[in-house]
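Engineer: One predicted model, sequence on top.
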Amino acid sequence: MRASFILILCGVLLLPASAQQSDKSLAARVQRLEDIEEIRGVLIEYGRYLDARDFAGYSRLFAKDGEWVGGFGTVQGPAAIQAFMEKQITGPNRGTTFPILSNFRINVQGDTATAWSRWTFMTPGPDKKPAAAQAGRYDDTFVRENGHWKFKRRVASNDIPVPDPAPAK
Amino acid sequence: MRASFILILCGVLLLPASAQQSDKSLAARVQRLEDIEEIRGVLIEYGRYLDARDFAGYSRLFAKDGEWVGGFGTVQGPAAIQAFMEKQITGPNRGTTFPILSNFRINVQGDTATAWSRWTFMTPGPDKKPAAAQAGRYDDTFVRENGHWKFKRRVASNDIPVPDPAPAK
Amino acid sequence: MRASFILILCGVLLLPASAQQSDKSLAARVQRLEDIEEIRGVLIEYGRYLDARDFAGYSRLFAKDGEWVGGFGTVQGPAAIQAFMEKQITGPNRGTTFPILSNFRINVQGDTATAWSRWTFMTPGPDKKPAAAQAGRYDDTFVRENGHWKFKRRVASNDIPVPDPAPAK
């Protein structure tokens, strides 16, 4: 009887162990989906802060050493990014311009991630109706910092108007 | 030996309890992701019903006391919303116009949720090619009603053309 | 004492069983969310391969017997789709044109799925700024093939410019 008892106990002990195992891997899968969702949110918030000319909020989407790279130049760190953008883009958003943010492709690997997306910048056209003034891509790397996803590096590229070829050096 | 036996049993009983605990919180996290996904679906279906001029389907996206607020006015409840939209927007969608729905920001808190998104209304332009006629935002609150997410309040605002300032009173 | 012992053991055995049960259904729910996320990725990759004129990569998004149906005609199977697209769309993407891919509606049922979405094809306009040249819909069916989601059938339809009515027969 003792033997069968031990067998039962072994079985009992095995079951919760496997349940915890699948729990853990399931938790990791849920975490990945949550990470994608949070990054999707950061991509959108970037646009909302830009629309509102809230460059303090905008800069907090970047990691401590996060970089913005684009047509204006390259700038690193939230404080520098805020000061830089406030200098580049002044005054309120009277045109109520905004980017259509689309085509999100997000890949998460543990505590880092990459994202690729499209932006189409809408402004009032000559007839006052919405007209796309510029369009391009974002190539992003993300890092999890203090439990939240932040831009490690955002590279904003222009596709239309087609950029002039770089001058020969 | 009895003591060690009890210890083993305690251990055995403890494991499933913690497994169930993490199960419950994991289930809540999965529910939240499903809720976001369902709400994303409602935001899209709204556009599809509008494209099809199916205001019966459109009105069922609203809660019993759900409100639509926009340039046409304010209207409450699915039956009133259906009648109102059928009066405002008549005939088939010959221009095969549609909104680009983008920049979704969804936050779920239990059985209520908020959403913010962008719409860019595409119509045939003077050259017959697609042209954005208007663009703006949706500010939504959602409620879970009979197990499904419904608009509690949808506020449609215009950004481009830039609305005229409200007249002084 | 033996009886109470057996009762305790029964309780112990029951708990992991129910935990495994909920684990299984939770796993199915997580799988569905992952499926939606992967399909979302395929919808985006389609656009990226098109942008890059990489019709080898593009064709691998289709199932072995996957079909593309659109204005150019109908073509089946990755090899045929690659050859067909390379003939229809030649040379590099000098205009750096791209589609805004939006309004994704994805429904997963086990190993098949349907998707509906919007495309708005952006090209340099007469003023070099981005202009929508065409816009329409995708009606897709998907199949899980070797563990990955592939187009079973993609039907690309045009909405703007409004297509001419089909000639009377």
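Structural biologist: All right, it came through fine. Numbers count the residues shown, from 1 in each chain, chains lettered A, B, ... in the order given.

Engineer: Run through the helices of chain A in chain order.
Structural biologist: Here chain A has its helices, by DSSP state H, at A:2-51, A:55-59, A:78-88.

Engineer: ok, residue A:71 touching residue A:158?
Structural biologist: Yes. Between residue A:71 and residue A:158 there is a contact under CB atoms under 8 Å: 6.4 Å. For glycine as for every other residue, the C-beta is placed from the backbone atoms N, C-alpha and C.

Engineer: Between the two, which has more neighbouring residues?
Structural biologist: For residue A:71 versus residue A:158, neighbours defined as other CB atoms under 10 Å in any protein chain shown are more numerous around residue A:158 (16 against 11).

Engineer: isn't the more buried one right next to residue A:138, touching?
Structural biologist: No. Residue A:158 is beyond contact range of residue A:138, at 11.1 Å (criterion: CB under 8 Å).

Engineer: quick one: low-confidence parts of chain A?
Structural biologist: The model of chain A has pLDDT under 70 over residues A:1-24, A:166-169.

Engineer: Identify each buried residue in stretch A:142-158, please.
Structural biologist: Across stretch A:142-158, burial judged by 16 or more other CB atoms under 10 Å in any protein chain shown covers A:142-145, A:149-154, A:158.

Engineer: Could you do stretch A:62-77 as well?
Structural biologist: Buried residues in stretch A:62-77, counted by 16+ other CB under 10 Å: A:62-63, A:66-68, A:75-77.

Engineer: same deal with stretch A:88-107?
Structural biologist: Quick answer for stretch A:88-107 (16+ other CB under 10 Å): A:96-106.

Engineer: same question, stretch A:110-122
Structural biologist: So for stretch A:110-122, counting by 16+ other CB under 10 Å, buried means A:113-122.

Engineer: could these go into TSV alongside distance to residue C:164?
Structural biologist: Shown next, in TSV, are the buried residues of stretch A:110-122 (distance: CB to CB, whole Å):
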residue	distance to residue C:164
A:113	46
A:114	43
A:115	40
A:116	37
A:117	35
A:118	30
A:119	34
A:120	28
A:121	33
A:122	30
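
Engineer: The residues you listed in strands, which ones?
Structural biologist: Using DSSP state E, the subset of the buried residues of stretch A:110-122 located in strands is A:113-122.

Engineer: Show me which of the residues you listed is closest to residue A:90.
Structural biologist: Residue A:90 lies nearest to residue A:121 out of these, by CB to CB, at 17.2 Å.

Engineer: what pairs with the closest one across the strands?
Structural biologist: Here residue A:121 sits in beta bridges with residue A:99, residue A:134, going by DSSP bridges.

Engineer: Which members of the buried residues of stretch A:62-77 are the farthest-apart pair?
Structural biologist: Longest span within the buried residues of stretch A:62-77, CB to CB: A:63 and A:75, 13.2 Å.

Engineer: contacting residues around residue A:104?
Structural biologist: Residue A:104 is in contact with A:40, A:43, A:115-117, C:44, counting by CB atoms under 8 Å, 6 or more residues apart in numbering or on different chains.

Engineer: ok, now residue A:41?
Structural biologist: For residue A:41, the contacting residues are residue B:105, by CB under 8 Å, 6+ apart.

Engineer: swap in residue A:85?
Structural biologist: Residues counted as contacts of residue A:85 (CB under 8 Å, 6+ apart) are A:55, A:58-59.

Engineer: now swap in residue A:40 and tell me
Structural biologist: Counting by CB under 8 Å, 6+ apart, residue A:40 touches A:104, A:106, B:104.

Engineer: Kindly report the same for residue A:142.
Structural biologist: With contacts defined as CB under 8 Å, 6+ apart, residue A:142 is in contact with A:39, A:42, A:112-115, A:149-152.

Engineer: From these, pick the one nearest chain C.
Structural biologist: Nearest to chain C among the contacts of residue A:142: residue A:115, at 10.8 Å, using CB to the nearest CB.

Engineer: hmm, back to that, show me which of the buried residues of stretch A:88-107 is closest to chain B.
Structural biologist: residue A:96 (3.9 Å).

Engineer: these two touch, right, the closest one and residue B:159?
Structural biologist: Yes. Counting by CB under 8 Å, residue A:96 does reach residue B:159; the two are 3.9 Å apart.

Engineer: Stretch A:42-53 near chain B at all?
Structural biologist: Yes. With CB under 8 Å from any CB of the partner chain as the criterion, chain B is reached by stretch A:42-53 at A:44-45, A:47-48.

Engineer: before we move on, back to that, from the buried residues of stretch A:88-107, which ones fall inside strands?
Structural biologist: Residues of the buried residues of stretch A:88-107 located in strands (DSSP E): A:98-106.

Engineer: quick revisit: show me which pair in the buried residues of stretch A:142-158 is furthest apart.
Structural biologist: A:144 and A:158 (29.4 Å).
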